[in-house]
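In: A predicted structure for the sequence below; I have some questions about it.
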Amino acid sequence: MQKISRYAYLFAACLFLIGVAVQVFLAGMVVVALQMGWNNHISLGHFLAVPLLLMLASQYPARLPGRLKRLTWLLFVIYALQADVIIFLRFQAPVVSALHPVLALVDFALGLALARAAWPLATQVQTPARVLPELETSTNP
């Protein structure tokens, strides 16, 4: 179960990274290329909760180190603030809402750090416990 959970975590972290990169591309298609509206960006942004939730759910059976668990929760909080709080402040607090693309950089950097840390944990070869012969202490000749 631990090995499968570690692969699930790694897969979700990579999926999240790809999603963030596509998000930047979609924003560029709207702002720079003027080729589409915001609907695709918004929809993908909400979908990115799925890999994050998978990361949160799999980190415990994967028995990840405490630091990775805390960073995963931090990533989730930053994502939730970015996607569900800060973006909706664009009329009330435009300067605060301008943090939305900055937090995308934080999402990517933190997601990359988590994926890089999860890679060796998921792909390490587990060696069986070394079996040492018991030392006989009997008094039989």
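Out: Arrived safely. Numbering: from 1, shown residues only.

In: Stretch 45-52 spans what distance, first to last residue?
Out: Distance across stretch 45-52, first residue to last, is 11 Å (C-alpha to C-alpha, to the nearest Å).

In: quick one: contacts of it?
Out: With contact meaning C-beta atoms under 8 Å, 6 or more residues apart in numbering, stretch 45-52 is reached by 12, 13, 15, 16, 19, 20, 23, 72, 75, 76, 79, 83. Backbone N, C-alpha and C define where each C-beta goes, glycine included.

In: Most neighbours among the residues you listed, which one?
Out: In terms of neighbours by other C-beta atoms under 10 Å, these top out with residue 13 at 29 neighbours.

In: Surely that one is in contact with residue 113?
Out: No: with contact taken as C-beta atoms under 8 Å, residue 13 and residue 113 are classed as non-touching, separated by 9.5 Å.

In: Any chance of a markdown table for the contacts of stretch 45-52, columns pLDDT, distance to residue 89 and secondary structure?
Out: Conversion of those to a markdown table gives the following (pLDDT from 0 to 100; distance: C-beta to C-beta, whole Å; DSSP: H, G, I helix; E, B strand; the rest coil):
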| residue | pLDDT | distance to residue 89 | secondary structure |
| --- | --- | --- | --- |
| 12 | 98 | 28 | helix |
| 13 | 98 | 28 | helix |
| 15 | 98 | 28 | helix |
| 16 | 98 | 24 | helix |
| 19 | 97 | 23 | helix |
| 20 | 97 | 21 | helix |
| 23 | 97 | 19 | helix |
| 72 | 98 | 25 | helix |
| 75 | 98 | 21 | helix |
| 76 | 97 | 20 | helix |
| 79 | 96 | 16 | helix |
| 83 | 89 | 12 | helix |
